[in-house]
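>>> task: produce atomic coordinates for the following.
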Amino acid sequence: MKLLSGLILVLLFPFLSIGQMNPFYFQQVLPNQDSLRVILNNSSDIFTQININREIGFSYYENKRDSAMIYFEKCLLLAKTANRKLWEADACNSIGFICYTQGNYPRGLQFLLQAQRIAENPESEKNAWPSNEKYSVTPKQARLAILSRCYNHLGSLYGFTGKFSEFKELEFKYFNQGLEIANSLDEKNLQSVLNMNISRHYYFANQNDSTLYHAKRALILMNESGYTRYKGSVYATLGNTYARLKNYPLAKENFYLSVKASQDIKNLRSLADGYLAMSRVYRDLAEVDSSIYFGKKAIEAYEHTQIPAGLADSYASIALAYQIKNNIDSAFKYQGLSMKMRENMSVEEKIKQFQNMNFDEQIRVQQIEEEKSQLQNRIRTYALVAGIAVFMLIAFILLKNNRTRKKANLVLEKQKSELQHTLSELKSAQAQLIQSEKMASLGELTAGIAHEIQNPLNFVNNFSELNKELLQELQDEVKKGNLEEVLKIAKDVVENQDKINQHGKRADTIVKGMLQHSQAASGHKEPTDINALADEFLRIAYHGLRAKDSEFNAHMETNYDNTLENINVIPQDISRVLLNLINNGLYAVNEKSREKIPDYEPALRVSTKRLGDKVEIKVADNGLGIPDKVRTKIFQPFFTTKPTGLGTGLGLSLSYDIIKAHGGTITVESEEGEGSTFRIQLPLT
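Numbers count the residues shown, from 1 in each chain. Have a look, this model is predicted:
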């Protein structure tokens, strides 16, 4: 046990030694996540657990914010359990930052205001440090550092809303409050970040001189403190400012410095922004090849960080560059990619707008609360002067609150109308997505049927050509009077004709099945052979994927219950369900096969079985599996585990509704990394 404790102290030393100055520092060096997790699993000390979860969270802070959120939420829970208010405020700061950078402004504001309330209260300094730790900063200094960081995030939140003209005063107010505290503490890390954000504020206000001053001040502070995590962002702001001033040599110089600084610290977000800015500058200078090169570098970085807006802008920049180059085909290609990305973003943006509908009202409520607090302070002062003044102020406050309430009611009525309009648009978008999902399903079906029908057509063509040659030989032998050879050739012609007839009937069966599937569902059930339906769409789905990816191969296994009689279902609907489940299974094994796992063989199994008064259809694969945390969501509309652009999130939702309408059930069993099994149970009658 002593040996393990010693190992923990050795591994913790690199970040605890930094923490000796101020435990609520801005992290610079990314830690070894695996080493920290080993320590976390072997530690029962709650303070150590808080520290390590915080370290791992910061390692994902810029590049994988969903993962960062998990660890900061653990920090918050541990801090509340241990009743350490400063650590609770610090966790709220980080959670609030992640929320507003992902577009959830109300939730971000909620956590930041919670952090502000704690950090503004001197009582939170109690029980700040564990009894066995000694920090060079006092609890008061630590509290003020957290408050400064909180003000920085509040200012940034208003900037992220994109409503600069509406919130510019609030944004500037919080940045200056944070900088005032950072200056009083001589905390250069905080000073550098706040100067960086103030320079961005002036950039969007078109005040170029102030932008350059604060950006250069931020660089000086970063060089002095050694905290360079956002150095690339500062250089990008300088580059954008010089580009606006048409000073392109200085713009390019700063963009190159931005890229290098972002690469040094592995900040992929600012690296992508730097590449995109360089692509735009080179396009403005008509240096088209360089513009295209850096545009593609930006695409690589944005794909890694999964930022759709950056991808759309990068595609658009490359399209304009190709247009200047008069390469119309490439320009059209990248313009199409940009438009497709923006279409995918439009639904997400509407959902975010729906989530943020009450954000403006929250801001107004916050302002009202601040006004009420100020009024209460004035009331206390006036109460010392005269009782009459107190009564007058109370009457004034009641009148103002009444007017505020009336204004708030008008705002709520307006928002109600806007909400109804937004819901109407969302329903329309949902209908369009459902139609897109059906068309995608029909496309996959058509590809599979085309492959299926090609085989009998090849036989018909080949045997027809062969019969043509045999009939020519027959004519020659008749002229020669060779009756024995004539009879032999005639026999071969008859046999070939039988095969032509056989494969022609096969093609006819496939075409009829295709026509039946493409017809709109009648809404009437009819006796259907489930075994035949499952087998048909297994082959169609497999050949459909093979038509798109000729290198794909998988082992297909079937196990049908031959005692099953026909059951009453709508065959077009059930075929769509089967096609969706089989396509999902083939996608999962195909993705896993790309990981080049030794001895891995992609496999898909389809089986049917009678269970009393029900029939069970099972589709199982040995693919990637479904993570536990999302398994309960897979039947929800618009939820998908596929990358952006490869799925709408409606396939399983529609399948669920179809099976439910048939009086059946659909469930899933899955183990991450091992595979998934979908079970459908339908009544026999």
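>>> helix or strand for R610, which one?
strand 603-611 (DSSP states H and E).
>>> and the next helix or strand past that strand?
Next element after strand 603-611 (DSSP H and E): strand 614-621.
>>> for that following strand, give the mean pLDDT please.
For strand 614-621, mean pLDDT is 94.
>>> and if you look at stretch 119-133?
80.
>>> name the SS class of K246, please.
coil (DSSP: H, G, I helix; E, B strand; the rest coil).
>>> and Y61, by the same measure?
coil.
>>> what does stretch 94-101 contact?
54, 57-58, 61, 65, 68-69, 72-73, 75-76, 105, 107-112, 114-115, 153, 156-157, 160 (Cβ atoms under 8 Å, 6 or more residues apart in numbering). Every C-beta, even on glycine, is put in place using the N, C-alpha and C of the backbone.
>>> take the residues you listed and keep only those in helices.
Using DSSP state H, the members of these that fall in helices are 54, 57-58, 65, 68-69, 72-73, 75-76, 105, 107-112, 114-115, 153, 156-157, 160.
>>> ok, of those residues, which come out buried?
Burial by neighbour count, judged by 16 or more other Cβ atoms under 10 Å, picks out 54, 57-58, 65, 68-69, 72-73, 75-76, 105, 107-112, 114-115, 153, 156-157, 160 from the ones in helices among the contacts of stretch 94-101.
>>> what's the first helix or strand after whichever helix or strand K499 is part of?
Using DSSP H and E, the element containing K499 is helix 483-518. Using DSSP H and E, the helix or strand that follows helix 483-518 towards the C-terminus is strand 526-528.
>>> quick one: list the elements packing against that following strand.
Packing contacts for strand 526-528, counted by 3 or more Cβ pairs under 8 Å, 6 or more residues apart in numbering; DSSP states H and E, involve strand 567-569, helix 571-593.
>>> strand partners of that strand, parallel vs antiparallel please.
strand 567-569 (antiparallel) (DSSP bridges).
>>> got a list of contacts for the strand it pairs with?
525-528, 530, 615, 662, 682-685.
>>> please repeat the previous calculation with a cut-off of 10 Å.
Residues outside strand 567-569 that contact it (Cβ atoms under 10 Å, 6 or more residues apart in numbering): 524-530, 533, 574-575, 577, 610, 614-615, 658-659, 662-664, 682-685.
>>> give me the three-state assignment for V137.
Once three-state DSSP is applied, V137 turns out coil.
>>> burial count for it?
Neighbour count for V137, taken as other Cβ atoms under 10 Å: 21.
>>> how about the one 3 residues further on?
The burial metric for K140, expressed as a neighbour count using other Cβ under 10 Å, is 12.
>>> in a strand, T241, correct?
No. Assigned with three-state DSSP, T241 falls outside any strand and is helix.
>>> that one touches N247, doesn't it?
Yes. Look at T241 against N247 with Cβ atoms under 10 Å: they come within range, at 8.8 Å.
>>> of the contacts of strand 567-569, buried ones?
Counted by 16+ other Cβ under 10 Å, the contacts of strand 567-569 give 528, 530, 533, 574-575, 577, 614-615, 658-659, 662, 664, 682 as buried.
>>> output those in JSON lines; the columns should cover distance to S165.
Shown next, in JSON lines, are the buried ones among the contacts of strand 567-569 (distance: Cβ to Cβ, whole Å):
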{"residue": "T528", "distance to S165": "62"}
{"residue": "I530", "distance to S165": "62"}
{"residue": "L533", "distance to S165": "60"}
{"residue": "I574", "distance to S165": "56"}
{"residue": "S575", "distance to S165": "55"}
{"residue": "V577", "distance to S165": "51"}
{"residue": "K614", "distance to S165": "63"}
{"residue": "V615", "distance to S165": "63"}
{"residue": "I658", "distance to S165": "49"}
{"residue": "I659", "distance to S165": "51"}
{"residue": "H662", "distance to S165": "55"}
{"residue": "G664", "distance to S165": "55"}
{"residue": "L682", "distance to S165": "59"}
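>>> tell me which of these is nearest to N223?
Distances from N223 to the buried ones among the contacts of strand 567-569, taken as Cβ to Cβ, are shortest for V577 (61.8 Å).
>>> can you give me the distance of the closest one to S35?
47 Å (Cβ to Cβ, to the nearest Å).
>>> go on, K340?
Counting by Cβ to Cβ - K340 and S35 are separated by 42 Å.
>>> now swap in K614 and tell me
Distance of K614 to S35, computed by Cβ to Cβ: 52 Å.
>>> and K488, by the same measure?
Distance, K488 to S35, using Cβ to Cβ: 82 Å.
>>> try Q420
For Q420 relative to S35 (Cβ to Cβ), the value is 53 Å.
>>> can you check N267 too?
22 Å.
>>> the more surrounded of the two?
Taking other Cβ under 10 Å, N267 and S35 do not tie; N267 has more neighbours (24 against 14).
>>> how about the contacts made by the more buried one?
The neighbours of N267, taking Cβ under 10 Å, 6+ apart as the test, are 30, 61-63, 228-233, 261, 273-274, 305.
>>> turn the residues you listed into JSON lines, including distance to V390.
Converted to JSON lines, these look like this (distance: Cβ to Cβ, whole Å):
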{"residue": "L30", "distance to V390": "58"}
{"residue": "Y61", "distance to V390": "50"}
{"residue": "E62", "distance to V390": "52"}
{"residue": "N63", "distance to V390": "56"}
{"residue": "T228", "distance to V390": "55"}
{"residue": "R229", "distance to V390": "52"}
{"residue": "Y230", "distance to V390": "50"}
{"residue": "K231", "distance to V390": "55"}
{"residue": "G232", "distance to V390": "56"}
{"residue": "S233", "distance to V390": "51"}
{"residue": "A261", "distance to V390": "58"}
{"residue": "D273", "distance to V390": "55"}
{"residue": "G274", "distance to V390": "59"}
{"residue": "T305", "distance to V390": "57"}
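>>> pick the one among those residues closest to L412.
When the contacts of N267 are compared against L412 (criterion: Cβ to Cβ), the nearest one is Y61, at 36.5 Å.
>>> in the stretch 201-350 of the chain, where is pLDDT below threshold?
For the stretch 201-350 of the chain, the stretches with pLDDT under 70 are 306, 345-350.
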